[in-house]
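**Q** Need coordinates for the following:
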Amino acid sequence: MIAVLLAVIPLLFSIVRGQKQRYAWRALTVGIVISLVLLFDFRSPKNWYPEIGAGSITRVIDKESPVGKHVFAFHLTHDASNSRVSQLIPSNETDQAGKTSYTVGAWIWADRPIAVQTPTLHLSNRSAAKLVEVDQVPRFFSFTEKVGAAARPYKISLSPGTNAVDEPVTIYYDGIIFTEGAWEGENPRMNDASGRSGLWSGREFTNQVRNSSAEIPGLTLRFWIESAFLKLIPGNPDLILGLIQDPSPLISYYSLTVKSLFHTFWAKFGWGHVLLVGYRPYSILGLFTMAGAVGGAVAFWQHRKQIHWDLFLFLGLSVVIIWGSAFLRGLTSQMDGGYFIPVARYAYPAIIPTMLILNIGWLEIIHWIEHYFKIRQKYQLWLLIALFLLLDTFSIYSIYAFYLD
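**A** You can find the predicted model right below:
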C-alpha cells in the first residue's frame, strides 16, 4: 500500500520533465496541503485516544459544563453503545502504586435519564468503575479504589456502558479526576479550565488526568476517511494518531523501541534474545552508524545542487514511512498495559535507501581520510569490507556460543 501511495511521485516526474518540473513540484505541494485539510480535523480531545466507536465521541461546547467550556459527548445509538476513549497515566505520576488509594470522579449527565458508568480506572491486574443513574443535570460522582502491591494504575477510560440503547442518547462527561488518596465530601472545585488542581472538601488536590475537560483539541482523521480506512486495512488509525500526540506516558516504550530497532538492525538473533558477545559491541556499532549518518548528511549538503530531488523525495518518504511504521508497530500494545517491542525486520522494505545513506556517509569519510591523511581509497574500502566480514564472523560465533552454553 505504501508503494501504491508513493507511485504518484515517479509517475508525475516521468510525465513532466525539464523546466516544466517546477509546475510538478507546485502541484505536488498544493496536493499535499489539500490532502491534509481533507484528511484531518480537530473533533477529538487531545491526550484521549478512541479505542472503540471513534465516530460517536466528540468534544462539544456545553453551557452546562462545570469546568471550562467543553465536555466529552458520547452520541450513542443501538450500533455504538460501547464507545470508549482512554488516557494512559505516565508512570512517573504513579510512583506510589501499591502503597495507597486512588480516587476517580467526574461530572456526568445526559439528555435523558439513564444508567452509565463512571470513568474506569485500569490497574495492572484489574479494572474498577461504578454504575450510576444520571439525568439532565450535571452531578459529580466518584469512588475510591485501594491499590495493592502488585497493581499499578496505568489508564483511565470513559465508556458509558456496554448495554445496547433502545433509542439514541447523548451522555456527557466533564472534569475527569484521578488523584492519589481517598477523597469525599463536597464536590471538588477546579482552579482553572485545565483541571490539573483544585480544592476538595477544603483541601488542595492534584489531578493526574490531562485535558480533563476536553478544552484542548487533538488532531484526528475525519470520520468518512476513518470509515474508509477501516474497510481497507485492519487497526485503529485514530487510536495510533491519538497516542502519537501524547508522548509523555510512552517515553519508556520509545526508548526501548529505538534500542531494539538498532540492535536487531545490526546483530541480534533468534527471537531477539541472542546478543553479540564481548565488551559493548553495540556501542561500537553505534559509533559506526553515527559516522555514516553524519557523513551522509554532509555529503548530501555538499552535493545538494546535483541531487535529483524527485528521487530523493521518493526514497526519503520510503525510509520515513517504513521505519516510522516499524517504530510505531507496538504502540497500541500500551493500551492493555503490556509491551510489544518491534524489531528491525519490519523495516526491511526500506533496507536499500537506508544502506545507501550509510554507505554514502562512509564513502564521504573515506574521501576525507584520503585527502588529509593520504591513505588511498582502495585500502580503506578493503578495510571496510573486512570490518563487515569480521561482524559476520563475530555474529556466527555469538550464536554458536549462546546455544553451546
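**Q** which residues sit in contact with Val134?
**A** If you count contacts by Cβ atoms under 8 Å, 6 or more residues apart in numbering, Val134 has them with 108-110, 113-116, 171. Using the backbone N, CA and C atoms, a C-beta is placed for each residue, glycine as well.
**Q** repeat that for 6 Å
**A** By Cβ atoms under 6 Å, 6 or more residues apart in numbering, Val134 lies in contact with 108-110, 116.
**Q** what's the longest strand in the protein?
**A** strand 169-180 (DSSP state E).
**Q** what does that one contact?
**A** 65-67, 71-76, 100, 102-112, 114, 116, 119, 156, 158, 160, 195, 205, 207-209, 212-213.
**Q** and that strand, average pLDDT?
**A** Mean pLDDT, computed over strand 169-180, is 95.
**Q** So in that sheet, which strands flank that strand, and in what orientation?
**A** Paired neighbours of strand 169-180 in the sheet (DSSP bridges): strand 70-76 (antiparallel), strand 101-110 (antiparallel).
**Q** Checking Glu184 next. Helix, strand or coil?
**A** Secondary structure state of Glu184, per DSSP: H, G, I helix; E, B strand; the rest coil, is coil.
**Q** residues of stretch 393-405 that come out buried?
**A** Residues 395, 398-399 are the ones in stretch 393-405 that count as buried (16 or more other Cβ atoms under 10 Å).
**Q** What are the buried residues along the helix or strand bottoming out on mean pLDDT in the chain?
**A** Within the chain, confidence by mean pLDDT, DSSP states H and E is lowest for helix 223-232 among all helices and strands, at a mean of 75. Residues of helix 223-232 classed as buried: 225-226, 229 (neighbour count, 16+ other Cβ under 10 Å).
**Q** And those, which is closest to Leu389?
**A** Phe229 (45.5 Å; Cβ to Cβ).
**Q** State the number of residues packed around the residue nearest to Arg345 when sequence neighbours are not counted.
**A** Once flanking residues are discounted, Arg345 sits nearest to Thr264: 6.9 Å by Cβ to Cβ, 6 or more residues apart in numbering. Neighbours of Thr264 under the rule other Cβ atoms under 10 Å: 19.
**Q** Show me the contact partners of the helix or strand harbouring Thr264.
**A** In this structure, Thr264 sits in helix 251-266 according to DSSP states H and E. With contact meaning Cβ under 6 Å, 6+ apart, helix 251-266 is reached by 272, 282, 285, 327, 334, 341, 343-344.
**Q** Now the two most distant members of the residues you listed.
**A** Farthest pair in the contacts of helix 251-266 (Cβ to Cβ) is Leu285 and Gln334. Separation: 28.0 Å.
**Q** Strands of the stretch 101-250 of the chain, residue ranges please.
**A** Assigned by DSSP state E, counting those that start in this stretch, the stretch 101-250 of the chain shows strands spanning 101-110, 114-117, 120-123, 127-128, 131-134, 139-146, 153-158, 169-180, 189-190, 197-200, 203-206, 217-221.
**Q** what's the closest of the ones you listed to Arg26?
**A** Of these, nearest to Arg26 by Cβ to Cβ is strand 217-221, at 25.7 Å.
**Q** any idea of the mean pLDDT in the closest one?
**A** pLDDT averaged over strand 217-221 gives 92.
**Q** Report the angle between it and helix 223-232.
**A** Counting by axes from the mean of the first three to the mean of the last three Cα atoms, to 10 degrees, strand 217-221 lies at 50 degrees to helix 223-232.
**Q** Send me strand 217-221 as CSV with only the CA atoms.
**A** Extracted in CSV, the C-alpha atoms of strand 217-221 (Å, rounded to 0.1, in the frame of the first residue of the first chain):
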residue,chain,number,x,y,z
PRO,A,217,-8.5,19.8,20.7
GLY,A,218,-6.5,16.9,19.2
LEU,A,219,-5.8,16.0,15.6
THR,A,220,-7.9,13.2,14.3
LEU,A,221,-9.0,11.7,11.0
